[in-house]
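# predicted model follows, preceded by the sequence.
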Amino acid sequence: MKLFLDTANVEHVAEVAAWGVLDGVTTNPSLVAKEGHDFKETVLNMCKLVPCVSAQVTATESAGMKKQADEYSGWHKHVVVKVPMTTEGLKTLKYCRSAGIKTNTTLVFSAAQAILAAKAGANIISPFIGRLDDVGEDGMGLIKEIMEIWSHYHFDTEVLVASTRHPRHIVDAAALGAHICTIPYDVFTKLSKHPLTDIGLKKFLDDWEKVKK
Ligand code: G3P
């Protein structure tokens, strides 16, 4: 499974990329606004660190989306154009597939939307599991449903589990065979930690000090 960082913070991307486990980054307009830096500069800095950076269009009509897709994809070969799951977005996905522009369909909340995005030619679809959990639905249940559907066909569309909120989300998504998880920085840092690792290391080092004396 590929692991992406869900952020617009370049320092966080550099830190996690240095661990040797980072396959890409997803950004969105909210994350870019939170950091307050220039969008293009942020994307280009991230492209130097990882091979896949999702940059989201902000137009809502397909003509504007296609224009932004052409522009963003020309910035760097690592850019993946993020397109919202609307009928205008579907038209844009079709255009991007024929133009050789890589896409990630965002704001997927149902299996029906996942199927449509895959048929329109999305390279990646992003179901938002945390936001489904927030409204009392079963986010991971949606991933299970999509992976089961995918097992019957030959879609080349990767399933990216988005809106993850805790380490268990990543483990459960991996058990279901999801292709990618995008993870906020605070959750990513938790993935490497276990209290027994800290206790065990402290004991090893304390015992080693005794040997040295
Ligand atoms: O990048 C999109 C998605 O991961 C957003 O997550 O936490 O805002 O629901 P969240």
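Done, it's in.

# the ligand contacts on the chain?
6, 26, 28, 128, 130-131, 162-163, 182 (C-beta under 6 Å from any ligand atom). For glycine as for every other residue, the C-beta is placed from the backbone atoms N, C-alpha and C.

# can we see that at 5 Å?
6, 26, 28, 130-131, 162-163 (C-beta under 5 Å from any ligand atom).

# remind me, longest helix of the chain?
As assigned by DSSP state H, the longest helix anywhere in the chain is helix 195-212.

# and it, how far out from the chain's middle?
Put simply, helix 195-212 sits 37 Å off its chain's centre (C-alpha atoms, centre = their mean, to the nearest Å).

# so which elements touch it?
For helix 195-212, not one helix or strand is in contact under the criterion 3 or more C-beta pairs under 8 Å, 6 or more residues apart in numbering; DSSP states H and E.

# direction included, what does the helix or strand hosting residue 4 pair up with?
For residue 4, the enclosing helix or strand under DSSP states H and E is strand 2-6. Strand 2-6 pairs in its sheet with strand 24-26 (parallel), strand 180-183 (parallel), by DSSP bridges.

# give the other helices and strands that the helix or strand following it contacts.
On the C-terminal side of strand 2-6, the closest following helix or strand by DSSP H and E is helix 10-17. Helix 10-17 sits against strand 2-6, helix 39-47, helix 185-191, with contacts defined as 3+ C-beta pairs under 8 Å, 6+ apart.

# what angle do the strand holding residue 4 and helix 39-47 make?
150 degrees (axes from the mean of the first three to the mean of the last three C-alpha atoms, to 10 degrees).

# which of the residues in strand 2-6 are buried?
2-6 (16 or more other C-beta atoms under 10 Å).

# out of the residues you listed, who's nearest the ligand?
Of all the buried residues of strand 2-6, the ligand sits closest to residue 6, with 4.5 Å by C-beta to the nearest ligand atom.

# burial of the closest residue to the closest one other than its chain neighbours, as a residue count?
Excluding the flanking residues, the one nearest residue 6 by C-beta to C-beta, 6 or more residues apart in numbering is residue 182, at 4.3 Å. Using other C-beta atoms under 10 Å, residue 182 has 28 neighbouring residues.

# out of the helices and strands packed on helix 10-17, flag the one nearest residue 114.
Each of these was scored for nearness to residue 114 using C-beta to C-beta, and the closest is strand 2-6 (17.8 Å).

# that closest one: how far from the chain's middle?
With C-alpha atoms, centre = their mean, you get 5 Å for strand 2-6.

# report the rounded mean pLDDT for that strand.
For strand 2-6, mean pLDDT is 98.

# where are the low-confidence patches of the chain?
Counting by pLDDT under 70, the ranges of the chain that qualify are 213.

# pick the most deeply packed of the helices and strands packed on helix 10-17.
Comparing the helices and strands packed on helix 10-17 by mean neighbour count (mean count of other C-beta atoms under 10 Å), strand 2-6 ranks first with a mean of 22.

# please consider this matter closed, and thank you.
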